[in-house]
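Colleague: would you be able to build a 3D model of this:
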Amino acid sequence: MKDHQLSGSVLLLIMLSMLISGCLPRNSPDVGTSWTLDTLTVDGASIDILTSHPITLEIRENNGVGGSAGCNSYGGEVVFRAGGNLETRNLFQTEMWCEVGMDVEAAFLSALNSVTHYEWDENTLTLSNSDLQTLLIFQVSE
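Modeller: Numbering: from 1, shown residues only. Here you go, the predicted structure:
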């Protein structure tokens, strides 16, 4: 009986050590990670991403996200859940006008509001809708 209790204690210590050292798998991209949009898909067709500024996504504390939508800044919440599920909340944007890319910006923000699933690795973040159609593919910013 004592050997069994000792084994459980050792296992718990190993798991805590792995958690502290960051060896356990993470459910979502790290806070502080910045991503740049690489691919925008609307109704199954890839859209040319021509805007005044690169479209970005920055992961912030407390489920916060924000960045450039191409012309305007945007923000809100994105909750990354285990199993690849994702929920967007309270998305907002500034309302400036730019000569280039307003249609792309509108398509990006619409797609971001439609995402419900994600996949990611160290370099790529892919966001998909409820039909698992890929809408947005980001690459980690250098």
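
Colleague: for this structure, what helix or strand is lowest in average pLDDT?
Modeller: Counting by mean pLDDT, DSSP states H and E, the weakest-scoring helix or strand in the chain turns out to be helix 2-21, with a mean of 49.

Colleague: tell me which helix or strand comes right after that helix.
Modeller: strand 34-42 (DSSP states H and E).

Colleague: nearest spatial neighbour of the residue nearest the centre of the chain, skipping sequence neighbours?
Modeller: Nearest to the geometric centre of the chain sits residue 125, at 6.1 Å (C-alpha atoms, centre = their mean). Excluding its sequence neighbours, the residue lying closest to residue 125 (C-beta to C-beta, 6 or more residues apart in numbering) is residue 138, at 4.3 Å. From N, CA and C alone the C-beta is placed, and that goes for glycine too.

Colleague: what of residue 128?
Modeller: Closest to residue 128 by C-beta to C-beta, 6+ apart is residue 117, at 4.4 Å.

Colleague: list the buried residues for the strand or helix carrying the residue nearest to the centre of the chain?
Modeller: For residue 125, the enclosing helix or strand under DSSP H and E is strand 124-128. By neighbour count on 16 or more other C-beta atoms under 10 Å, the buried set for strand 124-128 is 125-128.

Colleague: who are the packing partners of the helix or strand just after it?
Modeller: Sequence order places strand 134-140 as the next helix or strand after strand 124-128, per DSSP H and E. Contact here means 3 or more C-beta pairs under 8 Å, 6 or more residues apart in numbering; DSSP states H and E; on that basis strand 134-140 packs against strand 34-42, helix 102-114, strand 124-128.

Colleague: note down every partner strand of strand 134-140 and its orientation.
Modeller: strand 34-42 (antiparallel), strand 124-128 (antiparallel) (DSSP bridges).
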